[in-house]
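K.L.:
what's the 3D shape of this:
(one chain, ligands or ions: 1)
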Amino acid sequence: AKLLVLHGPNLNMLGVREPGHYGADTLDSINQGLINTAKQAGHQLEAFQSNAEHLLIDRIHQSHGEIDFIIFNPAAFTHTSIALRDALLAVSIPFIEVHLSNVHARESFRHKSWFSDIAIGVICGLGPKGYQLALASALERLAKPAS
Ligand code: DQA
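P.N.:
Predicted structure coming up:
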């Protein structure tokens, strides 16, 4: 199967950006780990990051008929973007929402997500490990499409 990991704005700054919240790993190292895990399981995984809402929307549209599962950290767009929510509804590709930090332990404006109610599941607060846990769950689901 084909999986897509989507990263929203400022996640290109991982490793440099507020390490107390987001840890020391770079986005490249996180992506490489996910690509390797997917490959070992016999699947293909691609990663895409953008700071631009419309480029994320375009990548979701392009995924229609091409991608079987999305792992998505919408970053700050989590709390603002009905357009990205609508893009995911338009392609109806199952996805897991991931956040490095525990958004519920932070400012109240981070408590609202426009994605959680349409996601298969949500992982937050577990750092980069959260992406690997999401991938493990995605791979399990792809192996058992009926469940
Ligand atoms: C984030 C949490 C968001 O509130 C924030 O805007 C981010 C990253 C996370 O991974 O913890 O940019 O999605």
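
K.L.:
for the closest residue to residue 44 other than its chain neighbours, give me its contacts.
P.N.:
Spatial nearest neighbour of residue 44, chain neighbours left out: residue 2 (5.0 Å); criterion: C-beta to C-beta, 6 or more residues apart in numbering. In short, each C-beta sits where N, CA and C put it, glycine included. Residue 2 makes contact with 43-46, 66-69, according to C-beta atoms under 8 Å, 6 or more residues apart in numbering.

K.L.:
next one, pLDDT for residue 2 please.
P.N.:
Residue 2 is assigned a pLDDT of 98 by the prediction.

K.L.:
got it, and residue 147?
P.N.:
48.

K.L.:
check residue 64 too.
P.N.:
At residue 64, pLDDT is 98.

K.L.:
would you check that it makes contact with residue 91?
P.N.:
Yes - with contacts counted by C-beta atoms under 8 Å, residue 64 reaches residue 91, the gap being 4.4 Å.

K.L.:
and the two? Which one has more around it.
P.N.:
Taking other C-beta atoms under 10 Å, residue 64 and residue 91 do not tie; residue 91 has more neighbours (16 against 12).

K.L.:
my guess is that one contacts residue 62. True?
P.N.:
No - with contact defined as C-beta under 8 Å, residue 91 does not count as touching residue 62 (9.1 Å).
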